[in-house]
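1. Model the structure of this input:
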Amino acid sequence: MSSKKVVVASANPVKVQAALAGLQRMFPHDQFEAVPLEVPSGVADQPMTDQETLQGALNRVENAFTQRPEADFWIGLEGGVEQVHHELASFAWVVVKAGTTWGKARSGTFFLPQKVADLVNQGVELGPANDQIFSQVNSKQKGGAIGILSHGALGRKELYEQAVVLALVPFQNPELY
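-> Next comes the predicted model:
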């Protein structure tokens, strides 16, 4: 088994675990060593559009690459929200870089309850808004909004892991990308 160094552009353990789990699913014969690295996203703490969220993930990868260019993979995960038909949708973008190849994917989307959406629309980041409404502590480093709302049937790690797998498709098919 070869061992590959992965710079995950976050110190959030949920994001680090999702990145490693997605890589392991796509490359089961490799071993991966995560290097969590807190880097700026260059966007608001709570991205409010699809484009801003994608830009945050792209910026995280670029900033991680600049700080730690010796890795095999760089992964940026950025959670965001966007107004859709008078409701606030929640999702994440994942961006992966290795060599000259880039992969991008968006997670599944779900809608936030109105009480949470109201706080987010007032400028409160989604994690603290969830903590306030659901009497949680640091939920964004646990199951996140989806974990709370699905009563544990789906957690933030699993939601992000699937997007990591999707973002790795170009690396499994280099002749096509």
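2. so where's the longest helix in this protein?
-> Using DSSP state H to assign secondary structure, the helix with the most residues in the chain is helix 50-67.
3. list the helices and strands that one packs on?
-> The helices and strands touching helix 50-67, judged by 3 or more C-beta pairs under 8 Å, 6 or more residues apart in numbering; DSSP states H and E, are strand 2-8, strand 73-84, strand 87-98, strand 101-106. In this view, the C-beta of every residue, glycine as well, is placed from N, C-alpha and C.
4. Mind giving me the packing neighbours of the first one?
-> Using 3+ C-beta pairs under 8 Å, 6+ apart, the elements in contact with strand 2-8 are helix 13-26, strand 30-36, helix 50-67, strand 73-84.
5. out of these, which comes closest to residue 137?
-> Closest to residue 137 of these is helix 13-26 (C-beta to C-beta; 14.4 Å).
6. circling back: which among the helices and strands packed on helix 50-67 is found nearest to residue 33?
-> Per C-beta to C-beta, nearest to residue 33 of those: strand 2-8, 5.3 Å.
7. Run the angle between that closest one and strand 30-36 for me.
-> Orientation check (axes from the mean of the first three to the mean of the last three C-alpha atoms, to 10 degrees): strand 2-8 against strand 30-36 gives 30 degrees.
8. returning to what we had before: which positions in the longest helix of the chain come out as buried?
-> 50, 52-65 (16 or more other C-beta atoms under 10 Å).
9. Which residues outside it are in contact with it?
-> 7-10, 37, 39-44, 47, 71, 74-82, 91-97, 104, 106 (C-beta atoms under 8 Å, 6 or more residues apart in numbering).
10. Type out the ChimeraX command that picks the buried ones from those residues.
-> In ChimeraX, a selection of the buried entries from the contacts of helix 50-67 looks like this (16+ other C-beta under 10 Å):
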select :7,8,9,10,37,39,41,43,47,71,74,75,76,77,78,79,80,81,82,91,92,93,94,95,96,97,104,106
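11. returning to that earlier point: for the helices and strands packed on strand 2-8, which one sits closest to residue 150?
-> helix 13-26 (14.8 Å).
12. pLDDT on the closest one, on average?
-> For helix 13-26, mean pLDDT rounds to 98.
13. Show me how far it is from its chain's centre.
-> Offset of helix 13-26 from its chain centre (C-alpha atoms, centre = their mean, to the nearest Å): 10 Å.
14. Next: stretch 97-110.
-> Centre-to-centre, stretch 97-110 and its host chain are 10 Å apart (C-alpha atoms, centre = their mean).
15. So which residue is dead centre in the chain?
-> residue 77 (2.8 Å; C-alpha atoms, centre = their mean).
16. Kindly provide the distance from that residue to residue 99.
-> 20 Å (C-beta to C-beta, to the nearest Å).
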